[in-house]
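S.K.: just the structure for this:
(2 chains)
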Amino acid sequence: MGEVIVITSGKGGVGKTTTTANIGTALALAGKKVVLVDTDIGLRNLDVVMGLENRIVYDLVDVVEGICRLKQALIRDKRIEGLYLLPAAQTKDKTAVSPEQMKGLCETLKEEFDYVLVDCPAGIEQGFKNAIAGADKAFIVTTPEVAAVRDADRIIGLLEATELYEPKLIINRIRADMVKRGDMMDIDDMIDILAIELLGVVPEDEKIVISTNKGEPAVYDPNSKAGQAYKNIARRIEGEEVPLMSLEVESGFMEKLKRFFGLRK
Amino acid sequence: MDIMKFFGREDSSSKEVAKERLRLLLVHDRANVSPRFLEMIKGELIKVISDYMEIEENEMDVKLTKTKLGKRNTPVPALIANIPIKRMKHIARV
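M.R.: Residues are numbered from 1 along each chain as shown, chains lettered A, B, ... in the order given. Reported below is the predicted structural model:
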């Protein structure tokens, strides 16, 4: 029996889809059987981030409406053993699926897979309610910004109200250089404010843009720091103790000297 | 540019501003109190207090913050009212 994990955030654009794609790929690379479920009906993106957009025949709505069998809608990622995608419908809206139907779908999927990762849409309406309906656990993605952390706090409250306790936090797009000069909230600030357990910290990394351009999750790129951070998160999900990777950037004496003389901001 | 900046510390760093704004936002969000509701409370407070003292309404500050309660230090919202008094009215000295 597998585990259903919803990846949510409240605010849009913080990296839910990127996080889902990378954690899922990393878990599959570690030999697990994984399915990624895109619940953002009407605005699907996970297929594009995974580079599987040209292989969609059926989607999640077709499955719940009984137009096709579940197996027919699952897209197998040919790059790794054991990684599948269940795409969202693009032409319908969030009301095409009910929380009960999502619950049933998740129950079926977790009989077959070790991990069912549900990519949640932004917002707190129907799409959110669908996405969390069948979840056993929740991961909350946030970035070091006031609006994102505020929304994360709201999501934590809403999850508790639906008895999804102890969500874990993923801090995305952190910039060590900005944290260092006091222009970005650091990890401790956010944990202190949100009071939930930290699962991982993902540094801002331009390789994410490149990997999204190509449709290859960053975990395939051994030089991507974000990719490395996502692999660490996958290992923690598997129960391993992995220390947070160092976010240090070059900020030696010379850097400070340059900044002091106004050569760098 | 001062010496503190050289060591990478600034009092008015934007991070501190962000934290402070966030803290206040969350106090309101969690307590589910709107600014309009606070204005209402402020109006009622003025009405009651004005019977006993003359206050500086424009300088009055009513806001939500948080405090800790009980043995487990559970954080709870707290109402703070800072009301400058211009003069006590006669009735208060009775």
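S.K.: can you give me the strands for chain B?
M.R.: Using DSSP state E, the strands of chain B run over B:53-55, B:61-69, B:74-82, B:85-88.
S.K.: going by proximity to chain B, name the top residue of chain A.
M.R.: Closest residue of chain A to chain B, C-beta to the nearest C-beta: residue A:182 (3.1 Å). Quick note: C-beta positions are derived from backbone N, CA and C, even for glycine.
S.K.: if we can go back for a sec, any chance of the strands of chain B in TSV, with mean pLDDT, mean neighbour count and distance to residue B:44 too?
M.R.: Formatted as TSV, those follow (pLDDT from 0 to 100; neighbours: other C-beta atoms under 10 Å in any protein chain shown; distance: least, C-beta to C-beta, whole Å):
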stretch	mean pLDDT	mean neighbour count	distance to residue B:44
strand B:53-55	92	14	13
strand B:61-69	81	13	10
strand B:74-82	81	12	11
strand B:85-88	91	10	18
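S.K.: mind checking these for the one nearest to residue B:26?
M.R.: strand B:61-69 (8.7 Å; C-beta to C-beta).
S.K.: just how off-centre is the closest one within its chain?
M.R.: Taking C-alpha atoms, centre = their mean, to the nearest Å, the mean C-alpha location of strand B:61-69 is offset from the chain mean by 6 Å.
S.K.: partners of it in the sheet?
M.R.: Applying DSSP bridges, strand B:61-69 is found paired with strand B:74-82 (antiparallel).
S.K.: which residues are contacting the partner strand?
M.R.: For strand B:74-82, the external contacting residues (C-beta atoms under 8 Å, 6 or more residues apart in numbering or on different chains) are B:27, B:30-31, B:33, B:41-42, B:45, B:60-69.
S.K.: report the secondary structure state of the residue of chain A closest to chain B.
M.R.: coil (DSSP: H, G, I helix; E, B strand; the rest coil).
S.K.: give me the below-cutoff pLDDT ranges for chain B.
M.R.: Along chain B, segments meeting pLDDT under 70 span B:1-12, B:74-75, B:91-94.
S.K.: in it, what residue lies closest to chain A?
M.R.: Nearest residue of chain B to chain A: residue B:13, at 3.1 Å (C-beta to the nearest C-beta).
S.K.: quick one: the helices in chain B, in order.
M.R.: With DSSP state H as the criterion, chain B has helices at B:3-6, B:14-31, B:35-50.
S.K.: give me the beta-bridge partners of the residue positioned nearest the centre of chain B?
M.R.: In chain B, the C-alpha nearest the mean C-alpha coordinate belongs to residue B:63, at 3.5 Å (C-alpha atoms, centre = their mean). Taking DSSP bridges, one obtains residue B:80 as the residues bridged to residue B:63.
S.K.: check contacts around it.
M.R.: Shown in contact with residue B:63 (C-beta under 8 Å, 6+ apart): B:24, B:38, B:79-80.
S.K.: kindly report the same for residue A:237.
M.R.: Residue A:237 touches A:5, A:23, A:27, A:115, A:199, counting by C-beta under 8 Å, 6+ apart.
S.K.: host element of the third one?
M.R.: Applying DSSP states H and E as the criterion places residue A:27 in helix A:16-29.
S.K.: let me know the next secondary structure element after that helix.
M.R.: strand A:34-38.
S.K.: just name the shakiest helix or strand of chain A by mean pLDDT.
M.R.: Across the helices and strands of chain A, mean confidence by mean pLDDT, DSSP states H and E is lowest for helix A:253-260: a mean of 58.
S.K.: how about the contacts of residue A:237 in CSV, adding pLDDT, neighbour count and distance to residue A:40?
M.R.: Shown next, in CSV, are the contacts of residue A:237 (pLDDT from 0 to 100; neighbours: other C-beta atoms under 10 Å in any protein chain shown; distance: C-beta to C-beta, whole Å):
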residue, pLDDT, neighbour count, distance to residue A:40
A:5, 98, 22, 16
A:23, 98, 27, 17
A:27, 98, 28, 21
A:115, 98, 23, 19
A:199, 97, 18, 22
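S.K.: still on that earlier bit, may I have the helix holding residue A:27 exported as CSV, CA atoms only?
M.R.: Extracted in CSV, the C-alpha atoms of helix A:16-29 (Å, rounded to 0.1, in the frame of the first residue of the first chain):
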residue,chain,number,x,y,z
LYS,A,16,4.6,23.4,-6.8
THR,A,17,4.7,21.8,-10.2
THR,A,18,8.5,21.9,-10.5
THR,A,19,8.7,20.4,-7.0
THR,A,20,6.2,17.6,-7.8
ALA,A,21,8.1,16.7,-11.0
ASN,A,22,11.5,16.7,-9.4
ILE,A,23,10.6,14.8,-6.2
GLY,A,24,8.6,12.3,-8.3
THR,A,25,11.5,11.8,-10.7
ALA,A,26,14.0,11.5,-7.8
LEU,A,27,11.9,8.9,-6.1
ALA,A,28,11.6,6.9,-9.3
LEU,A,29,15.4,7.2,-9.8
